[in-house]
Every structure is written in C-alpha cells, then in structure tokens.
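Student: Quick one, fold the following:
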Amino acid sequence: MIDTIVLLTIGLLIVWGILIFNGLVRDRNRVRSAWSDIDVQLTRRHDLVPRLVEAVKAYASYEKATLTAVTELRARSAQAERLGDKARFEDEMEAGLHRLIALAEDYPDLKADENFRDLQAQLVDVEDHLQYARRFYNGAVRIYNTRIETFPDRFVAGPFRFTMAEFFRPDSDQVREAPRVEMQS
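Tutor: Residues are numbered from 1 along each chain as shown. You can find the predicted model right below:
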C-alpha cells in the first residue's frame with residue numbers, strides 16, 4: 001500500500017514537472033515568435049529607409065546630416081547583437097525618420113511628390129505594425145518571466161536553464177512621445 005502511494009506520488013510529480021516544463025517551452029517559443037514579428041517589421045522599415053532617403057535627397061540635398069544619420073543608424077541596428085542595443089538604435093532611427101518626414105513641411109515639392117507620399121504611407125503602416133509587435137513581444141516576455149520567477153515553475157525553470165527574456169523598451173524620453181508621422185494629403 002505504501003509503495004503504491006509513493007509510486008503514485010512520484011508519478012504525479014513527474015507529470016506535474018512535465019506540464020510545467022512544456023508550459024515554459026511554449027512561453028519561451030511565444031517570446032521568440034514575437035521577436036520574429038518585430039524583426040519582420042524592422043526589416044520592412046529598413047527596406048524603406050534607402051528609398052525615403054533618396055526621395056528626400058532629391059529635394060533637400062543640404063539636409064545631409066539627417067540623411068546620413070538615418071542611414072548610419074540603420075546599419076548599426078542591423079549589426080547589433082544585443083536586444084538592448086538594437087532597441088536603442090531603432091528608437092534613434094525612428095526619431096530620425098520622424099525628422100526626415102518633418103522635412104516635407106519645408107519643401108512643398110517634396111510634400112506633393114507621389115513617391116514620397118507613398119513611402120510616407122508605407123512608413124506609417126510599418127510603424128503601426130511595429131508598435132503592435134512590440135506590445136505583443138513585451139506581453140509575452142512579461143508572462144514568460146513571471147512564470148520563471150514564481151512558485152512552482154521556478155523549480156523547473158532553474159534546473160532546465162530557462163533564463164529571463166529582455167524587454168524591448170525605449171531608452172530616451174524622446175521616443176516615449178507619440179510619433180508625429182502624419183499622412184500628407
């Protein structure tokens with residue numbers, strides 16, 4: 001009788017451990033998938049940058065500093081290996097893109113250019129998708145990290161080396177402001 005109870009208890013602990021392990025794996029994969037969604041939107045944004053820079057360059061060639069900064073930030077972001085570094089470069093690039101779009105106000109011909117308006121619309125779309133992807137990613141990270149830190153999951157997470165995921169958050173107050181990318185008509 002005691003042997004049966006011990007075996008049943010051990011069996012239940014094993015099933016319990018398997019369920020927690022599988023839940024942690026599911027949540028870790030959700031974080032990875034959410035990061036992949038952010039990466040897709042960042043790639044879309046990066047693909048727009050050269051086209052947008054060229055469109056602005058044709059009308060505002062002496063705004064070279066802004067154009068160069070955006071292009072350099074794009075390259076640095078693509079090379080960043082740490083999530084925090086990538087987030088910082090992306091936030092700086094976002095601010096630079098907003099400055100680039102704001103240049104249209106000073107150049108009526110650029111503001112009226114159909115190619116520029118199309119690029120601007122695409123950028124607004126990408127920024128909307130990117131903000132949604134960031135929120136989803138950070139929500140997935142919150143759930144995953146909470147599971148790793150709370151009882152009883154932490155007893156499974158530790159031995160199997162589940163590690164905390166990093167949030168994707170802006171570093172500066174400037175990027176915490178609402179974006180000022182607007183559609184021109």
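Student: make it CA atoms for all contacts and neighbour counts henceforth
Tutor: Noted.
Student: Leaving out chain neighbours, which residue sits closest to Asp53?
Tutor: Just so we're on the same page, residue 53 is Val rather than Asp. Spatial nearest neighbour of Val53, excluding adjacent residues (CA to CA, 6 or more residues apart in numbering): Leu67 at 6.0 Å.
Student: Correct me if wrong: the one you found contacts Ala55.
Tutor: No: with contacts counted by CA atoms under 8 Å, Leu67 stays clear of Ala55, the gap being 10.5 Å.
Student: So which of those two has more stuff around it?
Tutor: Neighbours of Leu67 and Ala55, each counted by other CA atoms under 10 Å, are more numerous for Leu67; the result is 23 against 17.
Student: Contacts only, for that one.
Tutor: In this structure, Leu67 makes contact with Val53, Lys57, Leu100, judged by CA atoms under 8 Å, 6 or more residues apart in numbering.
Student: in this protein, which ranges drop under the pLDDT threshold?
Tutor: Low-confidence segments of the chain, defined by pLDDT under 70, span residues 61-62, 170-185.
Student: Could you tell me which residues within stretch 52-62 count as buried?
Tutor: Taking 16 or more other CA atoms under 10 Å as the neighbour-count basis, stretch 52-62 is seen to contain the buried residues Leu52, Val53, Ala55, Val56, Tyr59, Ala60.
Student: picking up where we left off before, format the contacts of Leu67 as TSV; extra columns: distance to Tyr137 and secondary structure.
Tutor: Rendered in TSV, the data for these read as follows (distance: CA to CA, whole Å; DSSP: H, G, I helix; E, B strand; the rest coil):
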residue	distance to Tyr137	secondary structure
Val53	29	helix
Lys57	35	helix
Leu100	28	helix
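Student: Touching stretch 42-60 from outside, list them.
Tutor: By CA under 8 Å, 6+ apart, the list of residues contacting stretch 42-60 from outside reads 63-64, 67, 70-71, 74, 100, 107, 109-110, 115-116, 119-120, 122-123, 126-127, 130.
Student: can you do 7 Å?
Tutor: Judged by CA atoms under 7 Å, 6 or more residues apart in numbering, the contacts made with stretch 42-60 from elsewhere in the structure are Leu67, Arg74, Leu110, Phe116, Leu119, Leu123, Val126.
Student: hang on, the last one packs against Val40?
Tutor: No: counting by CA atoms under 7 Å, Val126 sits too far from Val40 to count as a contact (9.7 Å).
Student: okay, the two: which has more neighbours?
Tutor: When Val126 and Val40 are compared on other CA under 10 Å, the one with more neighbours turns out to be Val126, at 19 against 16.
Student: Can you tell me how far Phe168 is from Arg135?
Tutor: Taking CA to CA, to the nearest Å as the measure, Phe168 falls 9 Å from Arg135.
Student: Apologies, that question was intended for Arg169.
Tutor: Relative to Arg135, Arg169 is positioned 10 Å away (criterion: CA to CA).
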